[in-house]
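Chemist: Could you work out the structure for the sequence below:
(chains A, B and C)
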Amino acid sequence: MPIISLTSDYGTVDHRVACIKGSLLSQNENIKLVDISHDILAYNLQQAAYIIRSSYKSFPSGSIHIICVDSFYHKDRKNILAKVDGHYFLAADNGVLNLIFFDIKPDYVYEITLNKRFDDTINFTATDIFVPAAIHLSNGGVPEVIGRPTLDTKETFFVNASYKASEKMIIGEVMYVDNFGNVISNIHKSLFEKHASNFESFTIKFRNIVLTKIFNQYTDLIPNWEQEQEYHGKSAVIFNDNNLLELTVYKGSLHNGAASLFGMNMGEKIYIEFE
Amino acid sequence: MPIISLTSDYGTVDHRVACIKGSLLSQNENIKLVDISHDILAYNLQQAAYIIRSSYKSFPSGSIHIICVDSFYHKDRKNILAKVDGHYFLAADNGVLNLIFFDIKPDYVYEITLNKRFDDTINFTATDIFVPAAIHLSNGGVPEVIGRPTLDTKETFFVNASYKASEKMIIGEVMYVDNFGNVISNIHKSLFEKHASNFESFTIKFRNIVLTKIFNQYTDLIPNWEQEQEYHGKSAVIFNDNNLLELTVYKGSLHNGAASLFGMNMGEKIYIEFE
Amino acid sequence: MPIISLTSDYGTVDHRVACIKGSLLSQNENIKLVDISHDILAYNLQQAAYIIRSSYKSFPSGSIHIICVDSFYHKDRKNILAKVDGHYFLAADNGVLNLIFFDIKPDYVYEITLNKRFDDTINFTATDIFVPAAIHLSNGGVPEVIGRPTLDTKETFFVNASYKASEKMIIGEVMYVDNFGNVISNIHKSLFEKHASNFESFTIKFRNIVLTKIFNQYTDLIPNWEQEQEYHGKSAVIFNDNNLLELTVYKGSLHNGAASLFGMNMGEKIYIEFE
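Modeler: Residues are numbered from 1 along each chain as shown, chains lettered A, B, ... in the order given. Next up, the predicted model:
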């Protein structure tokens, strides 16, 4: 049973998501539909990329992921099908696939040429282009039938965290704030470990806050579960399940978690100084 | 595999939607459930009608659509099953089907008489009436078994856009604001074309704004995609995928889109003057 | 087709819910996934318990319910599998099952010992513990294989409504506010009926409001449906579909319903005086 995931900035009120689902089921009633999220901020490719990157691997190999963020049709912009890491992705050529797979080379990228005849009209990219492409793939179809290989796609990149040798410092920034107010940075565990091994100690600095320890779990700051209550509201730094440095407040929420407590928004700098 | 869609104003926190889904699956585990939206504003039949009208056609013919908006049970109010345009609709007799299908005659309308015996108690219309009716239909049952034909249903209408010959003007109003802040009017392309053909030019007026061009796509205002960035925040008028006149701001959102920029709410007037 | 329901406080933006669904489908593509709610307030076990208690019975017997609220992994806290009332529940040992089933004895409770070998690392309780346990159950597996029986689980209780004989009064409190602003108390119909039978009349009191009638339906305050419009905004008390005393405003919403009209929040007292 082919699995098709949907990600969009269409919200959960309007008709758009229902139209996509109805169209898919009209053309193949055996597919399994899974929503990744429809609450992406309007046109926010960074947010979409972070969420898709963090979730696609959980799906079975061969799953088809439709990404409807910044995908309104324009004749001069390609729509693309990419196979990466064993999964299929359908999106407008707006750089989102680049953001998701900055470190993984696609098996292939095709420009979708469905509905490219001179008299085709496209009302809605999702149902007119992504849906028939997804259905074709769900039936085991090959990409050659619906597109042509392309190398010329839009490149967009996240700001990478980097090590500044002269200052013995990693400089990163906030790339996402989650539903618990956790602040997720772009500092990967591997970058940290590479440089930390050359030094004796490190200090994490942001705003006017200084921390010197990195945990592996949200609950690792609690040495003894009997005293768990005493740790509500305590802050900590962890490497999260994506191996990214994350600021967290134990039992925090979007309204009283790390983001609001520390006043940290997307793009704010985080430093790790070594000594 | 029968498809059942759900639309409600129950939100996504409470137990009501889960109760409906659990009940349906308890009675037929082979159905395919699709949410249209559960974020309809409390009792807002106009909003529900607009969203269902815009999405039901994407579903396969024969799909069953349960509408739980303003459907709390009262012994004096009918619950109805209508077959329209090849689809089944279950709703309270509150006028919502009328709003959806102001221009399409139903194949038939039945009053649902399930649970009408003197000793039946109805706790929750959705699970006590709509669910068994939907299951009956999903098993290929005929309406005669669960209801009786009725002609006497509540009539509610949207305000229609109209042409005023003495002023050579179409007068319409805002009927919906979507997730991108797009302002959707009740002026249909066919009404516009009927009158536009008799004149040389037209002017669209609302608030203190005047526009003279109607596009076919959100992106049609961008002549050259290389300069796409320059058009962020520019306003335009299009006929949307429902052929309704829509005010849009390119790359707008609910917070900085056409609705907030122009200050346009539901019910505000839009005029098209011909010359 | 095994049914697995999901309840969490993960919201609908982040990747967490998609990871759970993807993991489940990767391991058993024949399951049927149903969301109960992902909009539980962060760590709010009371809210989760109320919603799950109100909805699980609608699902087919044998359904598997995964509860991801306050479930971040800590080595000192158990994760448990309970079979209660014919359904399976997976949750952290945080008291939530106790809140749901304060009046129903579980058939059994197992500590899940999957991933308890010394070299196992748990990144995310949901996908590392609940998902494999759910898959095991969905394949007809027995609990012995994935856990060991336990009697030692955390006990948490709702505040119960109670009868105070000296004052001839039931004292209860608000335990939930729903999407329509309805205020749901912890006063069960059976407690009311037990004591009401000894008296001639009763008075419901909260804030400075006094009511003397309890209906069975949201619409029961309307004697004649022709005059339905006149009752918009009128308040009433009902025993709801969970047999709990509920304050309601006819056609109210979260913003202008009983909760905001009466200023009633979680924990506020409600009294029923008998005479």
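Chemist: Do I have it right that A:Tyr43 meets A:Asp70?
Modeler: Yes: assessed by CB atoms under 8 Å, A:Tyr43 is found in contact with A:Asp70 at 4.8 Å. C-beta coordinates here come from the backbone N, C-alpha and C atoms, glycine included.
Chemist: overlap in contacts of these two?
Modeler: With contacts taken as CB atoms under 8 Å, 6 or more residues apart in numbering or on different chains, the residues that reach both A:Tyr43 and A:Asp70 are A:Asp9.
Chemist: ok, the nearest residue to A:Ala92 once chain neighbours are set aside to chain B distance?
Modeler: By the measure of CB to CB, 6 or more residues apart in numbering or on different chains, the closest residue to A:Ala92 outside its immediate chain neighbours is A:Ser71, 4.0 Å from it. As for A:Ser71, its distance to chain B is 10 Å (criterion: CB to the nearest CB, to the nearest Å).
Chemist: Mind pulling the model confidence for A:Ser71?
Modeler: The per-residue pLDDT reported for A:Ser71 equals 94.
Chemist: burial count for it?
Modeler: Look at A:Ser71: counted by other CB atoms under 10 Å in any protein chain shown, it has 24 neighbours.
Chemist: just A:Lys57 next, same as before
Modeler: As a measure of burial, A:Lys57 has 16 neighbours, counting by other CB under 10 Å.
Chemist: Tell me which residue in the stretch 1-150 of chain A sits closest to chain C.
Modeler: A:Ser58 (3.1 Å; CB to the nearest CB).
Chemist: count of neighbours near that residue?
Modeler: 23.
Chemist: what ranges do the helices span in chain A?
Modeler: With helices called from DSSP state H, chain A shows them at A:16-27, A:45-55, A:96-100, A:125, A:131-138, A:189-196, A:258-262.
Chemist: And the contacts of the longest one?
Modeler: Contacting residues not belonging to helix A:16-27 are listed as A:4, A:6, A:8, A:10, A:31, A:33, A:35, A:38, A:66, A:68, A:124, A:126-127, A:130-132, A:134-135, B:3, B:5, B:32, B:34-37, B:51, B:54-60, B:63, B:179 [CB under 8 Å, 6+ apart].
Chemist: what does the fifth one give?
Modeler: Helix A:131-138 has contacts (CB under 8 Å, 6+ apart) with A:2, A:4, A:20, A:23-24, A:27-28, A:31, A:64, A:66, A:81, A:88, A:90, A:112, A:114-115, A:143, A:145-147.
Chemist: And these, which of them are buried?
Modeler: A:2, A:4, A:20, A:23-24, A:27-28, A:31, A:64, A:66, A:81, A:88, A:90, A:112, A:114-115, A:143, A:146-147 (16 or more other CB atoms under 10 Å in any protein chain shown).
Chemist: I figured A:Tyr73 hits A:Thr121, correct?
Modeler: No: using CB under 8 Å, A:Tyr73 is not in contact with A:Thr121; the gap is 9.5 Å.
Chemist: Reformat the helices of chain A into JSON lines and put mean pLDDT next to each item.
Modeler: JSON lines is the format used below for these (pLDDT from 0 to 100):
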{"stretch": "helix A:16-27", "mean pLDDT": "97"}
{"stretch": "helix A:45-55", "mean pLDDT": "96"}
{"stretch": "helix A:96-100", "mean pLDDT": "95"}
{"stretch": "helix A:125", "mean pLDDT": "94"}
{"stretch": "helix A:131-138", "mean pLDDT": "97"}
{"stretch": "helix A:189-196", "mean pLDDT": "96"}
{"stretch": "helix A:258-262", "mean pLDDT": "88"}
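Chemist: Save the ones you listed as TSV, and put in distance to C:Ser201 too.
Modeler: Formatted as TSV, the helices of chain A follow (distance: least, CB to CB, whole Å):
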stretch	distance to C:Ser201
helix A:16-27	51
helix A:45-55	58
helix A:96-100	66
helix A:125	66
helix A:131-138	63
helix A:189-196	69
helix A:258-262	51
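Chemist: Minimum distance to B:Glu228: which of those has it?
Modeler: Judged by CB to CB, the one of the helices of chain A that comes nearest to B:Glu228 is helix A:45-55, at 13.8 Å.
Chemist: anything in that closest one near chain C?
Modeler: Yes: using CB under 8 Å from any CB of the partner chain, a contact is recorded between helix A:45-55 and chain C, made by A:Gln47, A:Tyr50, A:Ile51, A:Ile52, A:Ser54, A:Ser55.
Chemist: check contacts around A:Thr121.
Modeler: B:Asn216.
Chemist: Let me fix that, I meant to ask about A:Tyr271.
Modeler: A:Tyr271 neighbours (CB under 8 Å, 6+ apart): A:Met169, A:Ile170, A:Ile171, A:Gly172, A:Ile204, A:Lys205, A:Phe206.
Chemist: Taking these, please make a ChimeraX selection of just the buried ones.
Modeler: To isolate the buried ones among the contacts of A:Tyr271 in ChimeraX, judged by 16+ other CB under 10 Å, type:
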select /A:169,170,171,172,204,206
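Chemist: hang on, the earlier thing: of the contacts of helix A:131-138, which belong to strands?
Modeler: Secondary structure from DSSP state E places A:Ile4, A:Ile64, A:Ile66, A:Leu81, A:Tyr88, A:Leu90, A:Ile112, A:Gly147 of those in strands.
Chemist: Let me know the closest of those to B:Phe215.
Modeler: A:Ile112 (23.2 Å).
Chemist: the bottom helix or strand of chain A by mean pLDDT?
Modeler: The weakest-scoring helix or strand in chain A, judged by mean pLDDT, DSSP states H and E, is helix A:258-262 (a mean of 88).
Chemist: for it, packing partners?
Modeler: strand A:183-188, strand A:235-239, strand A:244-249 (3 or more CB pairs under 8 Å, 6 or more residues apart in numbering or on different chains; DSSP states H and E).
Chemist: Give me the distance from it to the chain's centre.
Modeler: 22 Å (CA atoms, centre = their mean, to the nearest Å).
Chemist: Buried ones in that helix, by neighbour count?
Modeler: A:Ala258, A:Ala259, A:Ser260, A:Leu261, A:Phe262.
Chemist: and what of stretch A:267-275?
Modeler: A:Glu268, A:Ile270, A:Tyr271, A:Ile272, A:Glu273, A:Phe274.
Chemist: okay, those in CSV with pLDDT next?
Modeler: As requested, the buried residues of stretch A:267-275 are exported to CSV (pLDDT from 0 to 100):
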residue, pLDDT
A:Glu268, 93
A:Ile270, 96
A:Tyr271, 97
A:Ile272, 97
A:Glu273, 97
A:Phe274, 97
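Chemist: List just the nearest of those residues to C:Ser253.
Modeler: A:Glu268 (37.2 Å).
Chemist: which residues sit in contact with the residue lying closest to that closest one once chain neighbours are set aside?
Modeler: Closest residue to A:Glu268 apart from its sequence neighbours, by CB to CB, 6+ apart: A:Val174 at 4.8 Å. Contacts for A:Val174 were tallied using CB under 8 Å, 6+ apart; they are A:Val183, A:Ile184, A:Ser185, A:Met264, A:Asn265, A:Met266, A:Gly267, A:Glu268, A:Ile270.
Chemist: one more time with 10 Å, if that's ok
Modeler: A:183-186, A:206, A:246-247, A:258-259, A:262, A:264-270 (CB atoms under 10 Å, 6 or more residues apart in numbering or on different chains).
Chemist: Return the distance of it relative to chain C.
Modeler: 15 Å.
Chemist: Who is that residue paired with across the strands?
Modeler: Counting by DSSP bridges, A:Val174 forms beta bridges with A:Ser185.
Chemist: Number of residues surrounding the closest residue to A:Trp225 other than its chain neighbours?
Modeler: Residue nearest to A:Trp225 in three dimensions, not counting chain neighbours: C:Asp76, with 3.5 Å by CB to CB, 6+ apart. When neighbours are defined as other CB under 10 Å, C:Asp76 has 11 of them.
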